[in-house]
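A.B. asks: Have a look at this prediction, sequence included:
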Amino acid sequence: MKFWYNPNFLAIVVLLVLSVPALKSLATPGFYTSHDGETHTARIAAYYQALADGQFPPRFAGTFYNGLGSPIFVYIYPVPYLLGSAVHLLGFSFADSFKILMAAGFIFSAIFSYLWLKEVFKSEKAAFLGTLFYVWAPYRFSLIYVRASISELLAYTFLPLVFYSFTKLREKRSLTRIAISAISVACLLLSQNLVAATSLPILGIYVLILSFFDKSFRYFLISALAIIWGFAISAVTYIPAFFEREFVQFNQIIKVAYENHFVTLGQLIHSPWDYGFDLPGIVNDQMSFQIGLAHLLVLVLAILLVVYFLLKDFKTVKTITFILPVFFLIAVVVSVFLMLDIPLVREIWLRSKLSNFIDIPWRFLGITIFAISFLSAFVAKRLKPGLIFILLVAAVIIANRNHLRINQAIARSDSFFENYTDHATQYGEFTPLWRQSTKTPIGFDPKIKVEVVSGQSDINLISSKSNQVSFSIDVKSPASQVRINKFYFPGASVEVDGKKLVPFNDLTITSPKNLNLDKEQDSSGLILVNLGEGSHQITAKFGETPLRLLADYLSLGSLVLAIGFVVKNVKR
């Protein structure tokens, strides 16, 4: 009976009940229109196929770029696609796997947020309200129903878990809790690097504040160790993304993407809810960037409380229960400022090279909501009347009542995602450097993996996987040139009759330097093999560079070590 009447249990049950109207639109049969839903689900299908083909970790998506393949998984966060593959393995379609992951992300973000805020404020009421404001926000429903950004949604699922684990680490500074904190940081890093880039500085300052009030340099050091350990677990993605970025066209494309995605203060206060895109020019925007009316109300109440304590209760000002809300209030101000379409902000983005880490300014909306959720808990803790609490609960639900639905249902079979042939990115930023165009080629049949460019030859395709093409060829002329219709990417190897060819030496990589681009730009970035007369056995495999292998082993070793400490503690 104590369990059933436990306030924490009841609060979480109510949050789960409120998840039903928030998520019921996901139960619509089939798939739904969105900005990124199809590309994310296509990535899940490609990741699943890569795992089935023995890629571990997956690196090369075989069907993308009209069958030429893509090194997208060298650079991109794997957690959404690994989890999506796991759900699909249970027997769900790719579309349903995506929607289940969306719903699970929403629910677990509420649970993790509640645990963190309860740990900070020691109040079920404060934790409940803060959690409600975290998950019931316009930006959250935009992530689910408008943008369908599963990576960003999952990153904001793990973000409160990160803060919870570091808050618990403050209580008991054991190796097991350091390992748990490291795993939570890795989950954030490997869910979406852009959210990690905006939130880890906040985590760092949060840790500094806790260290200062505890007068504990040791807590600061072990927290730093946990963050470094989390990066070590994430090395599988971040080492290649940092050191092998010059192999793709990422830098040339992303560094200018931010210029058309600033917003006005008016849009943050109120902008009509719609399902279109953020287009260049403020008047052309077809989606909402509102913080939320209920959230703005809580923000005003939090500011009034801070001013009150500054004027009336100076003893409280010196405590951590006051400093943390002030810090998150500053986080709101800074995150809002960095989104604004004003000359000063544009200059800051240009000079500070923020675009190297964050592609779109209005992504800071997620940090704004995260900070306001903390302030909501602060307001609930400090304002005792229950009526105010009830009014705020009603306000956040009513204010978001029109955001809880998809735009339009569409039919998308597993075959659609398994045979997805676009580049599955917004800008084609993971196109290999040797490719002339970032657009999906139209001159290739995805079924044709190999073709003769010159000479007379008969090709027999033996096998084709997402990361490998093997075939035998009978060259009937004195010489023949064969093109493998797959992108070259460092780590790729080609063997002819058991002998490995050297790229750019006895293995030709087509590029703008050796093609007539007026006629052959769709052929750039591919592999040419020169063969003599006779029968030959050829295998082209897309594997790892030494640097990527180092990253793989560093991640695996760091993860196994962390899990080992956690399991050891559970057994104990």
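C.D. replies: Received it, and whenever you're ready, just let me know what you need.
A.B. asks: Please report how far the residue nearest the centre of the chain lies from residue 58.
C.D. replies: When C-alpha atoms, centre = their mean is applied to the chain, the residue found nearest the centroid is residue 192 (2.4 Å). Applying C-beta to C-beta, to the nearest Å, the value for residue 192 to residue 58 is 17 Å. From N, CA and C alone the C-beta is placed, and that goes for glycine too.
A.B. asks: Likewise for residue 202?
C.D. replies: 31 Å.
A.B. asks: if you count what's nearby, which of those two comes out ahead?
C.D. replies: Using other C-beta atoms under 10 Å, the more surrounded residue of residue 202 and residue 58 is residue 58, with 25 against 20.
A.B. asks: excluding its backbone neighbours, what's nearest that one?
C.D. replies: The shortest distance from residue 58 to any non-neighbouring residue, by C-beta to C-beta, 6 or more residues apart in numbering, is to residue 50 (3.4 Å).
A.B. asks: Quickly find the element holding that neighbour.
C.D. replies: Applying DSSP states H and E as the criterion places residue 50 in helix 37-52.
A.B. asks: Counting by contacts, list what that helix packs against.
C.D. replies: Packing partners of helix 37-52 (3 or more C-beta pairs under 8 Å, 6 or more residues apart in numbering; DSSP states H and E): strand 31-32, helix 72-75, helix 79-89, helix 94-121, helix 150-171, helix 414-418.
A.B. asks: mind redoing it with 10 Å?
C.D. replies: strand 31-32, helix 72-75, helix 79-89, helix 94-121, helix 150-171, helix 414-418, strand 457-465 (3 or more C-beta pairs under 10 Å, 6 or more residues apart in numbering; DSSP states H and E).
A.B. asks: possible to save these as CSV with mean pLDDT and distance to residue 554?
C.D. replies: Below are these laid out as CSV (pLDDT from 0 to 100; distance: least, C-beta to C-beta, whole Å):
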stretch, mean pLDDT, distance to residue 554
strand 31-32, 97, 37
helix 72-75, 96, 15
helix 79-89, 98, 17
helix 94-121, 98, 27
helix 150-171, 97, 21
helix 414-418, 97, 32
strand 457-465, 88, 26
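A.B. asks: Mind putting those into TSV with mean neighbour count?
C.D. replies: Formatted as TSV, the helices and strands packed on helix 37-52 follow (neighbours: other C-beta atoms under 10 Å):
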stretch	mean neighbour count
strand 31-32	24
helix 72-75	24
helix 79-89	21
helix 94-121	23
helix 150-171	24
helix 414-418	17
strand 457-465	14
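A.B. asks: do you know which of these lies nearest residue 353?
C.D. replies: Nearest to residue 353 among the helices and strands packed on helix 37-52 is helix 72-75; the distance by C-beta to C-beta comes to 18.6 Å.
A.B. asks: Quickly list the domain ranges of this structure.
C.D. replies: Following automatic domain parsing, one gets these domains for the chain: 7-418, 450-547.
A.B. asks: From residue 436, how far out is the nearest residue to residue 443 once chain neighbours are set aside?
C.D. replies: Nearest residue to residue 443, sequence neighbours excluded (C-beta to C-beta, 6+ apart): residue 522, at 4.1 Å. Using C-beta to C-beta, we find residue 522 at a distance of 8 Å from residue 436.
A.B. asks: quick one, which of those two is more surrounded?
C.D. replies: residue 522 (21 against 17).
A.B. asks: Check the secondary structure at residue 179 for me.
C.D. replies: Using DSSP: H, G, I helix; E, B strand; the rest coil, the three-state assignment for residue 179 comes out as helix.
A.B. asks: Need the pLDDT of it.
C.D. replies: For residue 179, the model assigns a pLDDT of 97.
A.B. asks: and if you look at the one 10 residues further on?
C.D. replies: pLDDT, the model's per-residue confidence, is 98 for residue 189.
A.B. asks: Please apply the same query to residue 519.
C.D. replies: Looking at residue 519, its pLDDT is 60.
A.B. asks: orientation of the biggest strand by length in the chain relative to strand 457-465 in degrees?
C.D. replies: Counting residues, the longest strand found in the chain (DSSP state E) is strand 468-487. Between strand 468-487 and strand 457-465, the angle formed by their directions is 100 degrees, by axes from the mean of the first three to the mean of the last three C-alpha atoms, to 10 degrees.
A.B. asks: Name the next helix or strand downstream of strand 468-487, please.
C.D. replies: Next along from strand 468-487, by DSSP H and E: strand 492-496.
A.B. asks: How far does the helix or strand just after that next one sit from its chain's centre?
C.D. replies: Proceeding N to C from strand 492-496, the next assigned helix or strand is strand 499-500, under DSSP H and E. Strand 499-500 has its C-alpha centroid displaced from the chain centroid by 38 Å (C-alpha atoms, centre = their mean, to the nearest Å).
A.B. asks: Which residues does strand 499-500 contact?
C.D. replies: For strand 499-500, contacts defined as C-beta atoms under 10 Å, 6 or more residues apart in numbering pick out 493, 494, 506, 507, 539.
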